[in-house]
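Novice: model this:
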Amino acid sequence: MMTNLFSVFDPTSFIFYFSLNWSSTFIGLLIIPMSYWLIPYRWSMMWYNILITLHNEFKTLIGPMKSYGMTLMFISLFSFILFNNFMGLYPYIFTSSSHLSYTLALALPLWLSFMLFGWINNTQHMFAHLVPQGTPSVLIPFMVCIETISNLIRPGTLAVRLAANMIAGHLLLTLLGNTGNSLSLIMLNCLILGQLALLILESAVAIIQSYVFAVLTTLYSSEVN
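Specialist: The predicted model follows:
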């Protein structure tokens, strides 16, 4: 029995004080067929076309830089979050992307590395970002404070956005699923149809949130150059 509404997201399986639930973070690698790495076929070519499209879009967002290979990092980030979001839709599999410890571990190091790179190598450019162009002289101190605060909360907004969107749909699915025992046959059929519709919606959310996370991280990296 759940102690509270969010207890469905708590890690509960332990061996030697190690939470087995977090192994779901890497369990997505197990659903990739071995033939994907050996023989090109229809599904692998479709995934390859998706990666090429993402590469072209991320390259456009980053801008004309000499830091070749940066798109590989963001595409890997997108793929990693996408696999974890989808694994959370399977029954009895722990949803790691619904925890802030997971999302902050992705957002904070990336944002911190971008900030360190920008302030060390492009200090004047970073100072120029604190004051938007055309700001009146009277408002410059306030704009600096506002821009500094908005810059500091970026990793938090990235982490909370991903975790909150994954929690919301899973909570709705859990709440509706717990009411099935007290419903009539007709209402139960309606509930199953509603659950299937929510599952399709959650699949779309899993794709969109991984894409939004990767795109926003790409935009933050483009601002420090």
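Novice: element containing the closest residue to residue 29 other than its chain neighbours?
Specialist: Nearest non-adjacent residue to residue 29, counting by CB to CB, 6 or more residues apart in numbering: residue 83, 7.6 Å away. Every C-beta, even on glycine, is put in place using the N, C-alpha and C of the backbone. Residue 83 belongs to helix 70-87 when assigned by DSSP states H and E.
Novice: before we move on, the earlier item: verify the stated contact: the residue nearest to residue 29 with residue 28.
Specialist: Yes. With contact defined as CB atoms under 8 Å, residue 83 counts as touching residue 28 (3.2 Å).
Novice: between the two, which is the more surrounded one?
Specialist: Remark: of residue 83 and residue 28, residue 83 carries more neighbours, 21 against 17, as counted by other CB atoms under 10 Å.
Novice: per-residue confidence for the more buried one?
Specialist: Note for residue 83: predicted pLDDT of 86.
Novice: likewise residue 7?
Specialist: You'll see residue 7 listed with a pLDDT of 56.
Novice: if you average pLDDT over the longest helix seen in the chain, what comes out?
Specialist: Ordering each helix of the chain by length in residues (DSSP state H) puts helix 185-222 first. Mean pLDDT, helix 185-222: 88.
Novice: how about it: buried residues?
Specialist: Within helix 185-222, the residues scored as buried using 16 or more other CB atoms under 10 Å are 198, 202, 205-206, 209-210, 212-218, 220-222.
Novice: list the helices and strands it packs on?
Specialist: Contact here means 3 or more CB pairs under 8 Å, 6 or more residues apart in numbering; DSSP states H and E; on that basis helix 185-222 packs against helix 42-62, helix 70-87, helix 100-121, helix 154-178.
Novice: my guess is residue 27 contacts residue 92, does it?
Specialist: No. Between residue 27 and residue 92 there is no contact under CB under 8 Å: 11.7 Å.
Novice: these two: who's more crowded?
Specialist: Counting neighbours by other CB under 10 Å for residue 27 and for residue 92 shows that residue 27 has the greater number, 16 against 6.
Novice: check contacts around the more buried one.
Specialist: Going by CB atoms under 8 Å, 6 or more residues apart in numbering, residue 27 touches 87, 93.
Novice: again, only this time at 7 Å
Specialist: By CB atoms under 7 Å, 6 or more residues apart in numbering, residue 27 lies in contact with residue 87.
Novice: now do the same for it: its pLDDT.
Specialist: 74.
Novice: begin at 58 from now on, thanks
Specialist: Renumbered: residue one is now 58, and that last one reads residue 84.
Novice: what comes up buried for the helix holding residue 140?
Specialist: For helix 127-144, burial by neighbour count (16+ other CB under 10 Å) applies to 127-128, 130-132, 134-144.
Novice: tell me the angle of it relative to helix 99-119?
Specialist: 130 degrees (axes from the mean of the first three to the mean of the last three CA atoms, to 10 degrees).
Novice: stretch 89-102: end-to-end distance?
Specialist: In stretch 89-102, first residue to last residue: 14 Å (CA to CA, to the nearest Å).
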